[in-house]
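Engineer: A predicted structure for the sequence below; I have some questions about it.
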Amino acid sequence: MKFALIAGVSLLSLGLAAPALADDDSRIEELEARVQQLEAMNRQLLEVMQAQGLLPQVDAPAAPSMAHPAPGHHGDAPMQTAHHEGGHHDAGHGDHHGDDFHQNLVGISPEYGYQILDHAEGVNTRPLTVLQAAANGDLNRRVTLSGDVTALANYQESNSNTKFGWLMRHPTSSNQIGETVSEFVIHSAQLAVTGRMSDSITLYSELLFDPEQSFGSGTLTDINRNQIQLRRAFVLFGDLERTPWYAAIGKMDTPFGLNDTVSPFTNSTNWHAFAGLATGGLVGYYNNGLHVRAMAIQGGSQFRAHNAPVEDTNVPSRVNNFAVDVNYTADLGEDRTLMAGASYTEATAYCQAYPVFHFNPCSDNNPGWAVYARADLGRMELLGEYARTTEDWPGTASPVPIYSAFEAVAPESFTLGGRYWLDISSTEDFAVSFEFSRFISGDAGAPWEKQDQWVLGGSYFISPSVNLFGELIRTEGWVPLNFLSGGNLPSGESWSESDANTNVITLGVQASF
């Protein structure tokens, strides 16, 4: 209605001016005077309508920055700074939402898209990432669409036929034959929707296509491995500008451990061993460097890393598991921080008896704990993490006579890594990294004793949401979770192999919007 009124006044004025058109100069001067009168009338009309609240006060948008916020570009640190140093933002709530929030119905935020969909860093703090983005003004539209594609070219070589230990591709003879593998492949593709229903209620959902790490059967081109899944979806309650408390309910990453990596692409062994994904309800507190989370987790065998038996079954019909995480980030000055944290979960995935198989029911739960730290020291970043179950994993002992000397163990994993940022253009946008991680899953000398992973990486951000990367990877040991201690071969022997080594070179691009 307001725009129709403006248009009507303009057309009426022009209509009155039209007969005045003539060829002589005096008529032209008269027309110019009428145009100036029309402009004055329009200005007065706009001022009246804005004063009455019929039109919003519109400011010119600031040009987006293309500088990558390295170092520490994906995790909590870059977005924590504003909240920690200033408490709550000085800007009014209308600066982020108000009329502009309701009129800009759909949009994109590429840097937010990279952070929320990144599989390498900030992996179990997505609700906080959403809240921080909202507080920073990156979600000032009703719906924000985000997408991510990771494409790879790689070459793998193993000293044992069909046994490739690089876990960014599920080790299976259905897809990896012989002693060499080469690929040009889409590793994953994601599409996410972040919907802001109000200042304090946000909806998030994420679709994932991941044929290389899918649990589907068949080859890489089999339809069962090419399904699109709803990887995460939750309703988030919270507004960091009003309160440090937040809550979420849905399918989300569980608050256990750090599970991040300094490598540009390859996840740490800690992530593969202990990163959880489950349905449940989460409550969090985030303020002045302190981040506390507690999540009630659905029982049974969950999507990743949790299995709390319900009456000796894997049926998730009862909320009988939980996870708690506490971390604190200390400001060391000069954009340097030190974060340390600890976690506990009442039930990990390591509870099955022999023979071990994904999602099998357990007779009892096996709790786990983790400690971790991360230091952002200007150009240098350091990371360390350790996680372990509190009880032995029954399936790590085998009843086969040739393995009678090997006792059950409590599985554990640790990661150590560092990354250094260099100036290639005007910002610190190129990083070199090195990381070592280990998973211990068997008694000393057992074929399934452990698997090590070494990663030397380099990444170049050509924009905040496009990363070109390369990695050299070596794994030592081949210990698939399924039947790690045997049970699938006629002889009874385990197919795990402690002397199986894999060397990998991979180049890729991760691009988001």
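Structural biologist: Arrived safely, thanks for sending. Numbering: from 1, shown residues only.
Engineer: roughly how far apart are Leu481 and Leu472?
Structural biologist: For Leu481, the distance to Leu472 (C-beta to C-beta, to the nearest Å) stands at 25 Å. For glycine as for every other residue, the C-beta is placed from the backbone atoms N, C-alpha and C.
Engineer: Those two: which has the busier surroundings?
Structural biologist: Between Leu481 and Leu472, Leu481 has the larger neighbour count (other C-beta atoms under 10 Å), namely 20 against 14.
Engineer: Model confidence score at the more buried one, please.
Structural biologist: At Leu481 the predicted local confidence, pLDDT, stands at 90.
Engineer: That one should be in a helix, yeah?
Structural biologist: No: according to DSSP: H, G, I helix; E, B strand; the rest coil, Leu481 belongs to no helix; its state is coil.
Engineer: List the residues that contact it.
Structural biologist: Contact analysis of Leu481 by C-beta atoms under 8 Å, 6 or more residues apart in numbering lists Val356, His358.
Engineer: Roughly how far does it sit from Gln37?
Structural biologist: Taking C-beta to C-beta, one finds Leu481 at 80 Å from Gln37.
Engineer: and if you look at Asp210?
Structural biologist: Counting by C-beta to C-beta, the gap from Asp210 to Gln37 is 65 Å.
Engineer: Verify the contact between Thr261 and Gly417 for me.
Structural biologist: Yes: counting by C-beta atoms under 8 Å, Thr261 touches Gly417, with 6.6 Å between them.
Engineer: what sits in contact with each of the two?
Structural biologist: Contacts common to Thr261 and Gly417, judged by C-beta under 8 Å, 6+ apart, are Ser268, Leu383, Glu435, Val455.
Engineer: and Thr194, bridged to which residues?
Structural biologist: Note on Thr194: beta-bridge partners by DSSP bridges are Thr144, Tyr204.
Engineer: Okay, now stretch 273-293: how far is its last residue from its first?
Structural biologist: This stretch, stretch 273-293, spans 21 Å end to end (C-alpha to C-alpha, to the nearest Å).
Engineer: So which bits of that stretch are buried?
Structural biologist: Residues 273-284, 286, 289, 291-293 are the ones in stretch 273-293 that count as buried (16 or more other C-beta atoms under 10 Å).
Engineer: same thing with stretch 145-159?
Structural biologist: Buried positions in stretch 145-159, judged by neighbour count with 16+ other C-beta under 10 Å: Ser146, Gly147, Asp148, Val149, Thr150, Leu152, Asn154, Gln156, Ser158.
Engineer: pLDDT score assigned to Val9?
Structural biologist: Val9 is assigned 37 on the pLDDT scale.
Engineer: cool, Arg336 as well?
Structural biologist: pLDDT at Arg336 comes out at 96.
Engineer: Pro69 now?
Structural biologist: Pro69 is assigned 40 on the pLDDT scale.
Engineer: same deal with Leu31?
Structural biologist: Looking at Leu31, its pLDDT is 65.
Engineer: Repeat that for Leu38.
Structural biologist: For Leu38, pLDDT reads 68.
Engineer: gap between Trp245 and Val504?
Structural biologist: 44 Å.
Engineer: Ser198 too?
Structural biologist: As judged by C-beta to C-beta, Ser198 and Val504 stand 47 Å apart.
Engineer: and these two? which has more neighbours close in?
Structural biologist: Neighbours were counted for Ser198 and for Val504 using other C-beta under 10 Å; Val504 has more, 22 against 10.
Engineer: Before I go, just wanted to say thanks for your time.
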